[in-house]
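A.B. asks: Below is the structure, and that's it, no one-letter string:
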């Protein structure tokens, strides 16, 4: 589906949150690199997809009501064989159902486990007065602990993306410290600009959260993503 088709589909179900799979489809359309994520509805299907993708893999819960999958035990990383995939699938379903009885679970997603890199966050929120605001900082749990982020109004230019990356206090980490490999800064600039172009084009978008984005010496890829739509329905999504 195109992004506008995804919007229509979500509206038809009276929801504003796109699933991770839907969000990543939209990101790919926008030229933003993201891990391929496949929905499965059984342990056997999970094994089949994992073996097609190649180990190690990651399994995540897919449920419209859940926005923070890790908080409910809905994510298992670095799964290395078929037996572990089956166990992970069942554990995720059972854990989430026990914590949220009666929740509507769409299934579980399977995706490739990405090699270690530096975790960053790229996001967007909508300010009532100024419109879309782009965010950049260290990702994972560090974004909540350190609150080390920078902001710019969209649309961004190249110099804005460079300034955003340079402004965070943890900027030296991106250069590589204590033997770590430097990150591909050009890839981060490109992703920031792509997000800016995407949200400027589509007023249907209220928020974007790409966390984490794995930055390595040869690129940057979003391994988790979330798009929240505006409550107001844009006329072109109903045409």
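C.D. replies: All right, it came through fine. Here the structure is a predicted model, which means the values were calculated and not measured.

A.B. asks: Could you identify the helix or strand that succeeds the strand ranked longest in the chain?
C.D. replies: In the chain, taking DSSP state E as the definition, the longest strand is strand 205-216. Next helix or strand after strand 205-216 toward the C-terminus (DSSP states H and E): strand 219-222.

A.B. asks: chain center to the very next helix or strand once past that following strand, what's the gap?
C.D. replies: Using DSSP H and E, the helix or strand that follows strand 219-222 towards the C-terminus is strand 226-229. Strand 226-229 sits 10 Å away from the centroid of its parent chain (CA atoms, centre = their mean, to the nearest Å).

A.B. asks: can you list the domain ranges for this protein.
C.D. replies: Each domain of the chain is listed here as a residue range: 3-112, 118-238, per automatic domain parsing.

A.B. asks: With mean pLDDT and mean neighbour count as extra columns, can I get the ones you listed in CSV?
C.D. replies: Heads up, the C-betas are built off the backbone N, CA and C, glycines and all. Output for the domains of the chain, formatted as CSV (pLDDT from 0 to 100; neighbours: other CB atoms under 10 Å):
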stretch, mean pLDDT, mean neighbour count
domain 3-112, 95, 18
domain 118-238, 90, 18
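
A.B. asks: Tell me the secondary structure at the spatially closest residue to residue 42 that is not a sequence neighbour.
C.D. replies: Take residue 42 and drop its neighbours on the chain: the residue closest to it by CB to CB, 6 or more residues apart in numbering is residue 89, 7.6 Å away. For residue 89, the secondary-structure state derived from DSSP: H, G, I helix; E, B strand; the rest coil is helix.

A.B. asks: This completes my enquiry, with thanks.
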